[in-house]
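Undergrad: All I have is the shape, not the residue letters:
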């Protein structure tokens, strides 16, 4: 079991645009941040139901990997949309009746909400727990497969700062945003515990992967 | 004639550590920021006189390119060391009697200093001029070859914000620093006027190159 996180960021480290509105829940920059990722065959087939569409190069290889081997996900309340729709007891997230997770998903929130069983194997559990406790629950649910820290960036930061992430992959889009939440804040020296490898894609994206050093 | 800039930056965009001291003029992080670049054959042979030493992969190709085709350089007072040694009339910069520029170098400063002719074709001129005027002088001196905006990052930023750079290459070292001068500040939308391409190296460095779009 490994703990993994994947994020799309800009050259200046922005992993999420400023908090959105109901009209534009992810902010105006979101589309540019995830453009190369959304364009992949994996995303087109898995999330957008466009069989045969999408790019098949380096970006797609990372997108495919994103969905492989994951047994549970942990996500923040914002990623589930509770900041905007928490008052609506019928809110089921952004992903429709068959979300692309197909595993248990633990949503970190102080709100009490009943678990939500969706089609395709995704069940959302709403828990109020510190990072290690949430990870323990997710690890149990993952039953030996990987746990993904799904974001948003502040949740990923929490797990990185606590030294709980085994593998971090960032896809650096070749854009400069200058506003939003920067992934790298307060993470000086992060690289020290990791081997780091870079791979470039045709879209101009730089894929940087931190893999925790194995101490014998 | 093209205007070019090359910088080594960290994942969080830091292009220069906090201002140094005479003991550690470039700050403690500098060595890590430029490690892959210093390790190249081009740098080992050109700057450190170690014939046959150094890496010969992707990082080296960029290092070689850094020195090719340049006819003049513009640099800030800090890069020449005037913040620390400006009071010393005999100060000749960091690079010894035969600096690795081999072209005219225009140092932006309000100090009046006589031009300094070094071995190997480098002549330092000390000028007090706004960016466009300095570029005009450097372009004349370059006689059709490229002008390099040599840094530090605040000087490169000034030229980027003024829209005067044709090609920007950043070598992103796989480290997180969290302190120093960030290249990307106040450059939102920089990418819009450029084609951007990414290439990865064995050292984990991501080379990202902005090339100004040609408008027909």
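TA: Nice, thanks for sending it over. These numbers come from a predicted model, not from an experiment. Numbers count the residues shown, from 1 in each chain, chains lettered A, B, ... in the order given.
Undergrad: residues in contact with the helix ranked longest in chain A?
TA: Longest helix in chain A, counting residues (DSSP state H): helix A:131-142. Here helix A:131-142 makes contact (C-beta atoms under 8 Å, 6 or more residues apart in numbering or on different chains) with A:1, A:3, A:70-74, A:103-104, A:106, A:108, A:125, A:127, A:129, A:147, A:158-159, A:162, A:164. All C-beta spots, glycine's among them, are computed from the backbone N, C-alpha and C.
Undergrad: show me the contacts for the most centrally placed residue in chain A.
TA: In chain A, the centroid-proximal residue (C-alpha atoms, centre = their mean) is residue A:150; its distance is 3.0 Å. The contact partners of residue A:150, by C-beta under 8 Å, 6+ apart, come to A:5, A:73-75, A:79, A:101, A:105.
Undergrad: Residue A:91 and residue A:77 touch, don't they?
TA: No. Counting by C-beta atoms under 8 Å, no contact exists between residue A:91 and residue A:77, whose distance comes to 11.4 Å.
Undergrad: More neighbours: those two, which one.
TA: Counted by other C-beta atoms under 10 Å in any protein chain shown, residue A:91 and residue A:77 do not tie: residue A:77 has more neighbours, with 18 against 15.
Undergrad: Now do the same for the closest residue to that one other than its chain neighbours: its pLDDT.
TA: What sits nearest to residue A:77 in space, not counting adjacent residues and going by C-beta to C-beta, 6 or more residues apart in numbering or on different chains, is residue A:109, at 4.1 Å. The per-residue pLDDT reported for residue A:109 equals 97.
Undergrad: Could you pick out the residues of chain A near chain B for me?
TA: Applying C-beta under 8 Å from any C-beta of the partner chain, we find that chain A lies next to chain B at A:11-13, A:170, A:172, A:174-179, A:182, A:184-191, A:196-201, A:204-208, A:210.
Undergrad: what about burial for those residues, which qualify?
TA: Buried by 16 or more other C-beta atoms under 10 Å in any protein chain shown: A:11-13, A:170, A:172, A:174-178, A:182, A:184, A:187-188, A:190-191, A:196-201, A:204-208, A:210, out of the residues of chain A next to chain B.
Undergrad: quick one: what helix or strand has the residue nearest to the centre of chain A in it?
TA: Secondary structure from DSSP states H and E places residue A:150 in strand A:146-151.
Undergrad: next one: residue A:195
TA: strand A:194-200.
Undergrad: Check residue A:98 too.
TA: Short version, using DSSP H and E: residue A:98 is in no helix or strand.
Undergrad: Look up the pLDDT of it for me, please.
TA: Per the predicted model, pLDDT is 92 at residue A:98.
Undergrad: Repeat that for residue A:151.
TA: We note a pLDDT of 88 for residue A:151 in this prediction.
Undergrad: With residue A:49 instead?
TA: 86.
Undergrad: Could you count how many residues lie near it?
TA: 9.
Undergrad: show me where pLDDT drops low in chain A?
TA: A:216 (pLDDT under 70).
Undergrad: all strands for it, in order.
TA: Counting by DSSP state E, the segments of chain A that form strands are A:3-10, A:14-16, A:70-76, A:104-108, A:116-117, A:123-127, A:146-151, A:167-173, A:181-182, A:194-200, A:206-212.
Undergrad: strand partners of the fifth one, parallel vs antiparallel please.
TA: Sheet partners assigned to strand A:116-117 using DSSP bridges are listed as strand A:123-127 (antiparallel).
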